[in-house]
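here's a sequence, model it:
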Amino acid sequence: MSTRIAFLKGHGTENDFVIVPDPENTVELPPAAVAALCDRRAGIGGDGLLHVVRSAAHPEARAMAAEAEWFMDYRNADGSVAEMCGNGVRVFARYLQRAGYVAEGDLAVATRGGVKTVHIAKSGTGGDSAEGDVTVGMGRAVLPEGDVEVSVGERTWPARNVNMGNPHAVAFVDDLADAGHLYDAPPFRPASAYPDGVNVEFVVDRAPRHVAMRVHERGSGETRSCGTGACAVAVATARRDGADPAVTGVPATYTVDVPGGTLVITEHPDGRIEMTGPAVIVAEGEIDTAWLAAVTR
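Below you'll find the predicted structure:
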């Protein structure tokens, strides 16, 4: 392990991440190290970790190096690897901008879920390069057939099954408080719909093309924001509203409020989904490698 490890802390709609810049892939980050760094009481704290590596330097990304210089080696807070994180890739792009590796405009980011297109908007009127929103191409949704239901306590709602590369069950409710505490995974049926568990979104209407949601992320409980979840909610809401872009030929854009802020989701007639939202770097420093070595023994 390197004797000096720099880190930054960032968030996208309060979905927060530890960022470890490591262009040449020299920093060892076993699951125990990631879990220790993401620990909110004994570590830096985060919903996940963004390991910033050049694609050519990482065995999982070398095949994508010709398309994308940078690879987002994303880890969940428990140290497990993940294919993609929509809020995370916005923060990843913001770090690259802050470090001077990229400028405003378009770039490609390699992920385990493939190469993602990213657009960093121009700075706001204040001139701060960190003010512009970041847009990420999130791929296309798959809507499996079959009825699904989710429950909280004695209440049950029908839910829309939406897959954004990970599974989601979207339920429309009268009040977000109906979702309860969301510490535990809401029961669902049939069990065969989600053999590996599911992210569950509870949604209320705010205005035309404007909804709010709470989410239970599988393995994490309730989180302040979920990018793929917001996309799933927009897709499910468009179908409910009769605004399927593949049918109407017109893009459908929804504003989705999450506990940590607001995301804007656009689904195009060809199925492409784009997510736009803020990405903020809040701090930077250096990891005490003696501490990290001790807690990962």
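
going forward, measure contacts and count neighbours with C-alpha atoms only.
OK.

who's in contact with V235?
A141, V162, D244, E267 (Cα atoms under 8 Å, 6 or more residues apart in numbering).

can you report phi and psi for the second one?
It stands for V162. phi -130, psi 130 (degrees, to the nearest 10).

my guess is it meets A141, correct?
Yes. Between V162 and A141 there is a contact under Cα atoms under 8 Å: 6.6 Å.

so A36, which of the three states?
helix (DSSP: H, G, I helix; E, B strand; the rest coil).

need the contact list for it.
Residues in contact with A36 (Cα under 8 Å, 6+ apart) are A42, G43, L292, V295, T296.

and what of E267?
Counting by Cα under 8 Å, 6+ apart, E267 touches V235, P245, P251, A252, T253, I273, E274.

most surrounded residue in those residues?
Neighbour counts for these peak at V235, which has 31 neighbours (criterion: other Cα atoms under 10 Å).

is that residue in a helix, a strand, or coil?
Per three-state DSSP, V235 ends up helix.

quick check: it vs H268, distance?
Going from V235 to H268 by Cα to Cα, to the nearest Å gives 11 Å.

what does A108 give?
Counting by Cα to Cα - A108 and H268 are separated by 20 Å.

do G86 as well
Applying Cα to Cα to G86 and H268 gives a distance of 18 Å.

between those two, which is the more surrounded one?
Neighbours per residue, other Cα under 10 Å: of G86 and H268, the larger number sits with G86, 26 against 18.

quick one, phi psi at that one?
According to degrees, to the nearest 10, G86 has phi -60, psi -40.

skipping adjacent residues, who's closest to it in space?
Excluding its sequence neighbours, the residue lying closest to G86 (Cα to Cα, 6 or more residues apart in numbering) is G227, at 4.7 Å.

burial check on the one you found, number of neighbours?
28.
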